[in-house]
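**Student:** sharing a sequence plus its predicted fold:
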Amino acid sequence: MTDPIGRFTRAIETASVSGAGVFADDAVLDATVPHWRFTVNGAANIETELGRWFADPARFEEIHRTELPDGELLEFVVTWEEDGEPHMAHQTHHIQVRDGLIISDRAWCGGRWGAALQAEMAEAARL
């Protein structure tokens, strides 16, 4: 598969972002997470960081890929099991690609939601 974003999503599903080889050596991750924003530089450092985010095999409950002139807007809801508990996250990634590799990933993550928080959100949605 030559599509770097397709390889990235597959690496998320298989918990293999570390070593996936989808980021350019000079790539930049600009991440906004609950109550924080940070930057990670370089393929190895980005793969290590995102390897922590996607450490367990996952399933995309929703995934939307919107082509952009220089890459894609990737939006998804992903679920996984961690220590026997179901988890969920909602993320958006504005990804730029050059020469078949990701050179920039501006990511926004709503957080990691365990079973209790998912139940609380489901209850709030019923109101």
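**Tutor:** Ah, there it is. Residues are numbered from 1 along each chain as shown.
**Student:** going forward, measure contacts and count neighbours with C-alpha atoms only.
**Tutor:** Fine.
**Student:** what about stretch 94-112, distance to the chain center?
**Tutor:** Chain-centre distance of stretch 94-112: 8 Å, with Cα atoms, centre = their mean, to the nearest Å.
**Student:** repeat for stretch 61-73
**Tutor:** With Cα atoms, centre = their mean, you get 12 Å for stretch 61-73.
**Student:** so how far is T2 from P86?
**Tutor:** 32 Å (Cα to Cα, to the nearest Å).
**Student:** one more: C109?
**Tutor:** To T2, C109 is 26 Å away according to Cα to Cα.
**Student:** then L50?
**Tutor:** From L50 over to T2 (counting by Cα to Cα), the distance is 20 Å.
**Student:** those two - which one has more neighbours?
**Tutor:** Per other Cα atoms under 10 Å, whichever of L50 and T2 has more neighbours is L50, with 16 against 9.
**Student:** the more buried one - that's part of a strand, no?
**Tutor:** No - L50: not assigned to a strand; according to DSSP: H, G, I helix; E, B strand; the rest coil it is helix.
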